[in-house]
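Student: Need a 3D model of the sequence below.
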Amino acid sequence: MAASLPPPRIVPKPVRKAVEKAVLSVVNGLVYLVDGGQRQQMGNAAKDLVLKHDKLELWHIRPVEAERVELGHGEVEVDLAPRLGIPLLLIPPLMVRPYVYDLRPEHSMIRSLRNAGFDVYLVDFGIPDTTDEGLRLDDYVLDFVPRCIDAALAHAKASELALVGYCMGGLFSLIHTAAFRDERIRAIVTVAAPVDFERMGMLTVAARLGSPFVDVVMDRLGNIPGNFSSAGFKLMGGPKMLTRYVDLALNLWDEEYVKNHDAVDTWLTEMIPYPKEAFKQLFHDMVTGNRLVQNELRFGDRHVDLRAIQCPVLAFAGKSDNVAPPRSTQRILDVLGSKDKTYRLAPGGHIGVVAGSKAPHAVWEPAVEWLVDRILRKRA
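Tutor: Numbering: from 1, shown residues only. Okay, here's the model as predicted:
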């Protein structure tokens with residue numbers, strides 16, 4: 001009589017899951033360490049150069065191409081993303097690369113806006129070097145931003161556009177519209193843009209303590225090196241920054257998490273220099289002087305009166321943002337002249353609110369819906 005085989009051993013589901021995660025963690029960890037992952041994909045949305053002025057560049061993001069679909073005995077061209085007519089101009093902050101808006105193909109604010117049907121333009125201020133130490137905020141406000149707005153409108157053959165800006169990019173959007181009383185600005189979206197610098201918590205305290213020494217230090221240092229800015233962001237990021245790599249180790253099994261971590265970490269590490277004179281002006285006029293919210297800020301003969309802004313404004317703030325805390329960004333509701341102004345809290349800190357895993361659903365998609373509504377509302 002043949003011996004019967006023992007019944008197959010059934011591995012409990014929790015054990016199988018644990019083994020699968022362990023294997024995936026090893027594979028993803030090796031890819032992360034050896035390949036670096038996302039560097040070649042960052043900022044690679046298809047685009048064309050519209051304007052080049054010294055280091056300043058303006059790029060047009062190529063729209064989604066139409067597809068030809070068979071219909072009966074013929075073909076028709078289907079526009080996958082009907083164009084909305086109002087172009088968008090994305091303005092980055094100083095000291096960061098503009099690919100914060102395009103971290104990777106699967107996680108890109110630029111592509112989300114483009115796929116919604118907007119004609120998207122992107123400003124790149126370039127990487128400052130020692131020849132740019134004398135650049136002031138006046139150069140950005142009175143020259144670079146207006147130059148890009150004019151070029152975008154001309155290229156799009158449009159009479160109006162909307163401005164979208166993260167951090168200082170949001171402030172540039174507000175400042176331009178207020179200083180020039182520019183009626184061509186159809187709407188403004190800001191993300192993590194502080195308005196009241198008296199309400200920035202520890203950053204306000206640190207600025208007051210360091211105020212007597214800033215000019216002396218900056219004159220010796222020159223442009224603020226990018227690695228100084230990276231270190232500052234990491235320190236201001238609070239406990240989350242200290243536990244980022246612990247979180248990465250615990251989530252190595254999740255390929256999407258690893259890719260997003262790598263992209264954000266690369267962007268954070270590759271910050272660029274901040275022009276010396278522009279930083280001194282920012283520090284004295286806006287951070288310690290708080291002249292923007294006090295209605296005393298001027299660039300040349302232009303008075304920045306936020307009450308002059310009449311277009312719709314949508315402002316996002318990160319709930320756990322330690323750099324531009326909600327109490328600073330929320331003041332936008334009090335100082336704008338616009339009757340159509342919306343303030344929304346979103347999950348994340350100063351980086352997560354614009355580039356984190358929750359940004360697509362909490363910021364990008366609501367921004368698209370809000371912008372589309374304002375455009376269609378005007379047409380009606």
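Student: next one: stretch 59-66 to chain centre, how far?
Tutor: Chain-centre distance of stretch 59-66: 19 Å, with Cα atoms, centre = their mean, to the nearest Å.
Student: hey, C-alpha coordinates of it in CSV?
Tutor: Extracted in CSV, the C-alpha atoms of stretch 59-66 (Å, rounded to 0.1, in the frame of the first residue of the first chain):
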residue,chain,number,x,y,z
TRP,A,59,8.8,77.4,-21.4
HIS,A,60,5.6,76.3,-23.0
ILE,A,61,4.4,72.9,-21.9
ARG,A,62,3.3,71.0,-25.0
PRO,A,63,-0.4,70.2,-24.9
VAL,A,64,-1.8,66.7,-25.0
GLU,A,65,-1.9,65.6,-28.6
ALA,A,66,-5.2,64.7,-30.2
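Student: I'd like the mean pLDDT over it, please.
Tutor: The average pLDDT for stretch 59-66 rounds to 84.
Student: go on, stretch 305-319?
Tutor: Across stretch 305-319, the average pLDDT comes to 97.
Student: What is the neighbour count of residue 111?
Tutor: 20 (other Cβ atoms under 10 Å). The way it works is simple: take the backbone N, C-alpha and C, and place the C-beta from them, glycine included.
Student: Retrieve the pLDDT associated with the closest residue to it other than its chain neighbours.
Tutor: With sequence-adjacent residues excluded and distances taken as Cβ to Cβ, 6 or more residues apart in numbering, residue 111 is closest to residue 45, at 5.8 Å. Looking at residue 45, its pLDDT reads 92.
Student: residue contacts, residue 45?
Tutor: With contacts defined as Cβ atoms under 8 Å, 6 or more residues apart in numbering, residue 45 is in contact with 61, 62, 102, 105, 108, 110, 111, 114.
Student: What is the neighbour count of the first one?
Tutor: The local packing of residue 61 (other Cβ under 10 Å) involves 23 other residues.
Student: Just the endpoints, please. Distance across stretch 162-170?
Tutor: With Cα to Cα, to the nearest Å as the measure, stretch 162-170 spans 12 Å from end to end.
Student: quick revisit: make a markdown table out of the contacts of residue 45 and add secondary structure and distance to residue 377.
Tutor: Output for the contacts of residue 45, formatted as a markdown table (DSSP: H, G, I helix; E, B strand; the rest coil; distance: Cβ to Cβ, whole Å):
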| residue | secondary structure | distance to residue 377 |
| --- | --- | --- |
| 61 | strand | 25 |
| 62 | coil | 28 |
| 102 | strand | 29 |
| 105 | coil | 32 |
| 108 | strand | 27 |
| 110 | helix | 24 |
| 111 | helix | 25 |
| 114 | helix | 22 |
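Student: Whichever of those residues end up buried, select them in PyMOL.
Tutor: Restricted to buried positions by 16 or more other Cβ atoms under 10 Å, the PyMOL selection for those reads:
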select buried, resi 61+102+108+110+111+114
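Student: Can I get the contacts of residue 45 in JSON lines including distance to residue 212?
Tutor: Shown next, in JSON lines, are the contacts of residue 45 (distance: Cβ to Cβ, whole Å):
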{"residue": "61", "distance to residue 212": "45"}
{"residue": "62", "distance to residue 212": "50"}
{"residue": "102", "distance to residue 212": "40"}
{"residue": "105", "distance to residue 212": "48"}
{"residue": "108", "distance to residue 212": "43"}
{"residue": "110", "distance to residue 212": "42"}
{"residue": "111", "distance to residue 212": "46"}
{"residue": "114", "distance to residue 212": "47"}
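Student: give me phi/psi at residue 195?
Tutor: phi -110, psi -50 (degrees, to the nearest 10).
Student: No further queries at this time; thank you.
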